[in-house]
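Trainee: Have a look at this prediction, sequence included:
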Amino acid sequence: MRYILRRLGFFAITLWAALTLNFFIPRFMPGNPVDALRVRTLNKLSPAALEQMLESFGYKPHQNVFQQYLEYLRDMLTGKWGVSIGSSLGEPVSSVVMHALPWSVFLVGITTLVAFVVGSLIGIVSGWWRGGKLDSVLPPVFVITSALPYFWVGLLLILVFSVWTNGFLPSDFNYDPSLQPAWTWEFIGSVIWHAILPATTILIASIGAWILTMRNNMITVLAEDYVRMGRAKGLSNWRVMTTYAARNAMLPNLSGLAMSLGFVISGAILVEYVYNYPGLGYLLYNSVESTDYPVMQVLFMLFTVAVLLALLLCDFAIAWLDPRARTKG
Amino acid sequence: MTALLVNGPGTETADDTPRRRGGLWRSVLHNRKALVGLLILLVFTIFAVVPQWFTPVTDPNALQFPPALPPSWAHPLGTTSLGQDIWAQLVYGTRESLIIALVAGFFATVLSVIIGVSAAYLGGVSDDVLSMIINIFLVIPTFPLIIILATYAGKGTLTVVLVVLVVTGWSYGANQLRAQTLSLRNRDFLESARVRGERRSYTIVYEVLPTMISLIVANFLGAALYSVLTAAGLQFLGLGNPNSISWGTMLYWSQNQQALQTGMPLWSLAPGLCVALLGTSFALMNYAFDEISNPALRPVTRRRGKRSKG
């Protein structure tokens, strides 16, 4: 229990730190939001009007910084996110974000889970039969794939499966734009069809890390006495592999999952950009392009929250798998 | 917090004592992965130092050729739709990409050594505060932060990109080094330094750090890999300096001009491949260092019959 409480405390502190960074970066950077906006609106709007617009996301340069900061924290946490000042001018940030969120959760969430599960399984097998056929081929291959830039894998797949094959697989957008979004088979099929390339990209670029760390953990754990003990007890190979070795080798990988979610999100931003996939990453790119500060700051908060939630889930999983974590705290 | 400290096998290298310092090189040269990685790095270094040996073009950004030529003897990779020689851009672009990797990797490592080692060595409240900072930086998604930082700081200059990469890239290494130093803290040789009455700074620099050389090198390689990939991504999005000559910038322009769709795939593929190769080189060396510092991970030669089934 103490363990969980500690983790919740860490959750709160990190969220606060991220929000604070998010607040101070724009205010201490040389670029001033008002100036940026004036350039973008080609000096058509008066500075006063611009400032009023910026006020909608808590930019009040004349107010006491501390006051601003408190108001900002309150607004961020209570969902008063202001309105977009970018391409979808005037639309509430929450609705802009909510349009994009499900697509990212669908694409990135599912692929990350698949990559983690499949990667860990391959890692377990490869570490168990160490030096076997699988193990002599896989590590070098996945060292290489884990160093590939996500967006480049995306470009390569587009070239092969879309450009060279005359659009065999779609390389653009999240569904066929001629369809109306509805719960029909046709629409769902189109969504899945459009997700194949981006999902494969993330999978290829991210799975290597899981396989390698899981394999290495497996090898470290296999040398432990309790594994030898399990063997000595005459347990079946399967039992030793799963409940003795893999269960313990899994622990560092689980905390790794949460850690690397940040990397996956980074990669996914680029993948969504390459495929024009209208998720949060693509939205972030667009909001940066159009200096849409309210959207940017909310997105950054959401990315942090996503990583923290994943971290928390992993902590619960670790507490469930590892009795030491529960008692020691 | 315990969960965050477990970092996989790389952390358990306590026995890399100084007596092996001379052996480090030999281990690197005997490891095939490390050798391949080193070779790739060497080739790129030559490209970066003397690009003029490999191409007659002196200003790769000048629009001086007919656009969109297919590969030929004069232009081994063809020309861009803007009329630049792709091969020349690739060769000259090596320098900036390599500088980013090495410089950002170096400073990120220095930062992680300073913070990681002092957190563990000082202990107490300083450790609590520092490791909290490390963990926060580990968790905060860096790429969105980088994008936002780069936007506010004005798109651009190499310095901004470097600073941003260092600020976001040190935490992983710091975490590892902290864990490693913690495992060393109560060793006899440090105890004897304490008894001799050495200053803390002396103990850290001359007693603690030498034992962790291989971990520090591994961290440098990891940070360099991270910098290569992140910088390329940043420039690909157009957040670098669009007039610089680097692989990321080439990727940006090729995407901007729809190179894939207009039959100039080499324009996108070549710089991406170089980023991937440079990344692979760091990743291979990094993995090899893991193997060197953790003998358990070294590849085993297959010996049938040794492991009885069942």
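Mentor: Sure, I can see it. Every value quoted in this text rests on a predicted model; they were computed, and no experiment measured them.
Trainee: pLDDT (mean, whole number) over the host helix or strand of residue A:49?
Mentor: Under the criterion of DSSP states H and E, residue A:49 resides in helix A:47-55. Averaged across helix A:47-55, pLDDT comes to 69.
Trainee: which helices and strands does the helix or strand that it is followed by pack with?
Mentor: For helix A:47-55, the succeeding helix or strand toward the C-terminus, using DSSP H and E, is helix A:65-78. For helix A:65-78, the contact count by 3 or more Cβ pairs under 8 Å, 6 or more residues apart in numbering or on different chains; DSSP states H and E identifies helix A:2-28, helix A:293-321 as packing neighbours. Bear in mind the C-beta positions are built from the backbone N, C-alpha and C, glycine included.
Trainee: Name the residues that touch helix A:65-78?
Mentor: A:16, A:19-20, A:23, A:27, A:58, A:60, A:80-82, A:297-298, A:301 (Cβ atoms under 8 Å, 6 or more residues apart in numbering or on different chains).
Trainee: If you count neighbours, what's buried in that helix?
Mentor: A:68, A:69, A:72, A:76 (16 or more other Cβ atoms under 10 Å in any protein chain shown).
Trainee: I'd like to know how far the second one sits from residue B:287.
Mentor: It refers to residue A:69. From residue A:69 over to residue B:287 the distance is 44 Å, taken as Cβ to Cβ, to the nearest Å.
Trainee: cool, the last one as well?
Mentor: In this structure, residue A:76 lies at 41 Å from residue B:287, with Cβ to Cβ as the measure.
Trainee: And for the third one?
Mentor: Shown here: residue A:72 relative to residue B:287, a distance of 44 Å by Cβ to Cβ.
Trainee: Next: residue B:120.
Mentor: 25 Å.
Trainee: can I assume residue B:268 is in contact with residue B:261?
Mentor: No. Here residue B:268 does not reach residue B:261: they are 10.2 Å apart, not a contact under Cβ atoms under 8 Å.
Trainee: which of the two has more neighbours?
Mentor: residue B:268 (26 against 13; other Cβ atoms under 10 Å in any protein chain shown).
Trainee: Residue numbers of the stretch 101-250 of chain B in contact with chain A?
Mentor: With Cβ under 8 Å from any Cβ of the partner chain as the criterion, the stretch 101-250 of chain B comes near chain A at residues B:132, B:135-136, B:138-145, B:147-149, B:151-154, B:225, B:229-230, B:232-233, B:236-237, B:239.
Trainee: what about chain B, any weak spots by pLDDT?
Mentor: B:1-24, B:68, B:153-156, B:295-296, B:298-310 (pLDDT under 70).
Trainee: tell me which element the residue nearest the centre of it is part of?
Mentor: Nearest residue to the geometric centre of chain B (Cα atoms, centre = their mean): residue B:224, 1.2 Å. Using DSSP H and E, residue B:224 sits within helix B:213-236.
Trainee: Show me which positions of whichever helix or strand comes after that helix end up buried.
Mentor: The helix or strand immediately downstream of helix B:213-236 is helix B:247-256, counting by DSSP H and E. Under the neighbour-count criterion of 16+ other Cβ under 10 Å, helix B:247-256 has B:247, B:248, B:249, B:250, B:251, B:252, B:253, B:254, B:255 buried.
Trainee: Widest-spaced pair of those?
Mentor: Farthest apart among the buried residues of helix B:247-256 by Cβ to Cβ are B:247 and B:255. That separation is 12.6 Å.
Trainee: mind checking how far the closest residue to chain A within chain B is from residue B:151?
Mentor: Scanning chain B for the residue nearest chain A gives residue B:143, at 3.0 Å (criterion: Cβ to the nearest Cβ). Per Cβ to Cβ, residue B:143 is found 13 Å from residue B:151.
Trainee: How about residue A:248?
Mentor: 44 Å.
Trainee: re earlier: quick check: closest non-adjacent residue to the residue of chain B closest to chain A.
Mentor: residue A:266 (3.0 Å; Cβ to Cβ, 6 or more residues apart in numbering or on different chains).
Trainee: again with residue B:28
Mentor: residue B:34 (4.6 Å).
Trainee: One more: residue B:265?
Mentor: residue A:159 (5.3 Å).
Trainee: Now do the SS call for that neighbour.
Mentor: Assigned with DSSP: H, G, I helix; E, B strand; the rest coil, residue A:159 falls in the helix class.
Trainee: Show the contacting residues for it.
Mentor: B:260, B:265, B:268, B:269.
Trainee: now the host helix or strand of residue A:288, how far from the chain's geometric center?
Mentor: Applying DSSP H and E as the criterion places residue A:288 in helix A:280-289. Its chain's average C-alpha position is 14 Å from that of helix A:280-289, according to Cα atoms, centre = their mean, to the nearest Å.
Trainee: Remind me what it packs against, helices and strands.
Mentor: Using 3+ Cβ pairs under 8 Å, 6+ apart: helix A:280-289 touches helix A:93-104, helix A:247-274, helix A:293-321, helix B:142-152.
Trainee: I'd like the ones you listed as JSON lines, with distance to residue B:28 and mean neighbour count appended.
Mentor: Putting those into JSON lines (distance: least, Cβ to Cβ, whole Å; neighbours: other Cβ atoms under 10 Å in any protein chain shown) gives the following:
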{"stretch": "helix A:93-104", "distance to residue B:28": "41", "mean neighbour count": "18"}
{"stretch": "helix A:247-274", "distance to residue B:28": "26", "mean neighbour count": "24"}
{"stretch": "helix A:293-321", "distance to residue B:28": "35", "mean neighbour count": "21"}
{"stretch": "helix B:142-152", "distance to residue B:28": "29", "mean neighbour count": "23"}
